[in-house]
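Q: show me the folded form of this:
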Amino acid sequence: MVSGQRAPTLKEIARRAGVHVSTASRVLRQSEPADGWSASALRVREVADQLGYQRNVWAASLRTRRTTTIGVVMTRLTDGVVATTYQGIEHAATRAGYSVLLSSPPDEEAAQRRAIELLVGRQVDGLLLSGLHRPGRDFVESLRVGDLPMLTLTRHADAGLPFVGGDDVRGGRIAARHLLERGHTDLAVIGGPGHATTATDRLRGFRAQLADAGITLSDDRIVASDFEVHGGTAAGRALLDRPDRPRAIFAVSDTIAIGVLGVARDLGLRIPDDLALIGYNDIPVAAQLPVPLTTVRSPAREIGETAVRGLLDLAAGRNVESRRLPVELMVRGST
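A: Residues are numbered from 1 along each chain as shown. Coordinates of the predicted model:
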């Protein structure tokens, strides 16, 4: 709308779009349906954009007691895959006519609780929680949020909430199968932190696939770490700076794998001749490393978009089933 020009009315939008006023009103105040906009609804929204229509969010919130705002608690936002997931959240929320209030606390329960309380105080219409620690049910039940809709994404945390994430158990199986097909049986895992179900599910899938092949992964071949590069460095050195080092490592995140690559370089190990390495997530830099990293791609942006749609369905009173989205092996030079 040009400065100084009066705002278009719903009646004008409806007339130009060839629909009833009530139809135009409904289309412009509701979020995008799960099966997408109809042709007439798309026409209404296109005309509204052309005329510069802007919904009065404050007036609408007074009438409906909704703020058209989603609260998001997302730890580790500096991680590429987490940032990509957030892009999906922002995109889907904007398309649905919602704004996003983001809090990115440290990966600690007390900090996450404070972030949740802050967002609830801002009267958001629902919460997306991406960094819950396992087991998360007691934590969730202790939150004073009333009947506010909540959905977890990426980490389900055994929290008893609807969940959207990648199929991490299957991803772990895919990683193990690939290394076995490459002829590797002397294997190790850098398993990430035990409080993250992304890490524990990937490890569980990896071990299950090895068990199917008659291989047992001993406890001394599994090293915990955090998700950062320095965690991969410390765990990689613990596994590799010894005479009985493994010949292949599965790292449950690409950032961990990057730390392992640095250790291998320092020890004079050639990738993949002396050490095969597979990561997880397929962050953008994975394909650009000196030895491109084989990894399991998680659909990060789709996870964010799907989570928003699920949360809005919950807010509308609809049942929402948890979803595990497909993951994909990206074979590169490190294996």
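
Q: neighbours of the residue nearest to residue 111 when sequence neighbours are not counted, how many?
A: In this structure, residue 111 finds its nearest non-sequential neighbour in residue 105, 3.7 Å apart by Cβ to Cβ, 6 or more residues apart in numbering. Every residue, glycine included, has its C-beta placed from N, CA and C. As a burial measure, residue 105 scores 20 neighbours (other Cβ atoms under 10 Å).

Q: by mean pLDDT, flag the weakest helix or strand of the chain.
A: Using mean pLDDT, DSSP states H and E, the weakest-scoring helix or strand in the chain turns out to be helix 57-64, at a mean of 45.

Q: let me see the mean pLDDT of the next helix or strand after it.
A: Counting by DSSP states H and E, the next helix or strand C-terminal to helix 57-64 is strand 69-73. Here strand 69-73 scores 95 as its mean pLDDT.

Q: what of stretch 195-214?
A: Average pLDDT, stretch 195-214: 97.

Q: now do the helices in the chain.
A: 10-17, 21-29, 39-51, 57-64, 80-95, 109-121, 137-142, 168-181, 197-212, 229-240, 254-266, 300-315 (DSSP state H).

Q: mean neighbour count for those helices - can I get that in JSON lines?
A: Below are the helices of the chain laid out as JSON lines (neighbours: other Cβ atoms under 10 Å):
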{"stretch": "helix 10-17", "mean neighbour count": "18"}
{"stretch": "helix 21-29", "mean neighbour count": "17"}
{"stretch": "helix 39-51", "mean neighbour count": "16"}
{"stretch": "helix 57-64", "mean neighbour count": "12"}
{"stretch": "helix 80-95", "mean neighbour count": "20"}
{"stretch": "helix 109-121", "mean neighbour count": "17"}
{"stretch": "helix 137-142", "mean neighbour count": "13"}
{"stretch": "helix 168-181", "mean neighbour count": "22"}
{"stretch": "helix 197-212", "mean neighbour count": "21"}
{"stretch": "helix 229-240", "mean neighbour count": "21"}
{"stretch": "helix 254-266", "mean neighbour count": "23"}
{"stretch": "helix 300-315", "mean neighbour count": "23"}
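
Q: so which of those helices is nearest residue 72?
A: helix 80-95 (6.0 Å; Cβ to Cβ).

Q: quick one: the closest one to strand 69-73, angle?
A: Going by axes from the mean of the first three to the mean of the last three Cα atoms, to 10 degrees, helix 80-95 is angled at 170 degrees with respect to strand 69-73.

Q: packing partners for helix 80-95?
A: Counting contacts by 3 or more Cβ pairs under 8 Å, 6 or more residues apart in numbering; DSSP states H and E, helix 80-95 packs against strand 69-73, strand 99-103, helix 300-315.

Q: quick one: residues contacting residue 82.
A: Counting by Cβ atoms under 8 Å, 6 or more residues apart in numbering, residue 82 makes contact with 74-76, 130, 154, 300.

Q: could you identify the most distant pair in the residues you listed?
A: Spatially, the most separated pair among the contacts of residue 82 is 75 and 300, at 14.5 Å (Cβ to Cβ).

Q: re the thing from before, how about the helices and strands packed on helix 80-95, which one is nearest residue 18?
A: Among the helices and strands packed on helix 80-95, helix 300-315 sits nearest to residue 18 (Cβ to Cβ), with 27.4 Å.
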